[in-house]
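Participant: Everything below, folded, please.
(chains A and B)
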Amino acid sequence: EVQLVESGGGLVQPGRSLKLSCAASGFTFSNYYMAWVRQAPKKGLEWVATISTSGSRTYYPDSVKGRFTISRDNAKSSLYLQMNSLKSEDTATYYCARRGEGPDYWGQGVMVTVSS
Amino acid sequence: DVVLTQTPPTLSATIGQSVSISCRSSQSLLHSNGNTYLNWLLQRPGQPPQLLIYLVSRLESGVPNRFSGSGSGTDFTLKISGVEAEDLGVYYCVQSTHAPWTFGGGTKLELK
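Facilitator: Residues are numbered from 1 along each chain as shown, chains lettered A, B, ... in the order given. Below is the predicted model:
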């Protein structure tokens, strides 16, 4: 059974940093592109970052480019999202997702609240 | 970026009723490899999204066959043939043919 379990969320002040983790199991992690998608409270879904199977290629929307860094450790079947210079508009539930034929499996999500 | 427009934004249905949701894309979602990367997701209250349909019409394992997807190019439809109580929530279409992934605005299915 495919499982994705996020951790690392919480309350953080504007301008500070936070690192999210996603532990994967039930599939060959190194064979899949992985992504982070977020959902602000009562809002829709927004793609945040994607990483290739080896980690050599990463992709971001302009809204987080230069502030967020996606990475992975295939030996540990883990995905990460380093978030720096956080803003109030980054407040959201963050999901890690596997890219099969498009986003297929999703984690339960982790809440990040940016507030003073 | 590709814009996906979902209609209607809200759908009221009775148990057993059949309903359809439309997802219209600002450009063709046919990939150069011949696939069309258009998926449908359901997000139940308080839950993460779950995959229902991938590649326009392929039913994800374990998803009831009352769900079906159709369409091509820029116009796509999700149909539920006989709504059940567990189907309530927000439905999203998502495309991954063109970078970046983009999502429709969602359709909330509620009981009438």
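
Participant: Who are the contact partners of residue A:102?
Facilitator: Shown in contact with residue A:102 (CB atoms under 8 Å, 6 or more residues apart in numbering or on different chains): B:37-39, B:54-55, B:94-96, B:101. (Each C-beta comes from the backbone N, C-alpha and C, glycine too.)

Participant: and residue A:99, how far is that from chain B?
Facilitator: 7 Å (CB to the nearest CB, to the nearest Å).

Participant: which bits of chain A sit near chain B?
Facilitator: Neighbours of chain B within chain A, by CB under 8 Å from any CB of the partner chain: A:35, A:37, A:44-47, A:50, A:59, A:61, A:95, A:99-109.

Participant: from these, which would you call buried?
Facilitator: A:35, A:37, A:45-47, A:50, A:59, A:95, A:99-107, A:109 (16 or more other CB atoms under 10 Å in any protein chain shown).

Participant: coming back round to it: of all pairs in the contacts of residue A:102, which one spans the longest distance?
Facilitator: Maximum pairwise distance in those, criterion CB to CB, is 14.7 Å, between B:55 and B:101.

Participant: more crowded one of these two?
Facilitator: Using other CB atoms under 10 Å in any protein chain shown as the criterion, residue B:55 and residue B:101 rank with residue B:101 on top: 26 against 14.

Participant: which residues sit in contact with the nearest residue to the more buried one once chain neighbours are set aside?
Facilitator: Leaving aside its chain neighbours, residue B:101 sits nearest to residue A:47 (4.3 Å; criterion: CB to CB, 6 or more residues apart in numbering or on different chains). Residues near residue A:47 by CB under 8 Å, 6+ apart: A:35-37, A:61, B:100-103.

Participant: Done for today, thanks.
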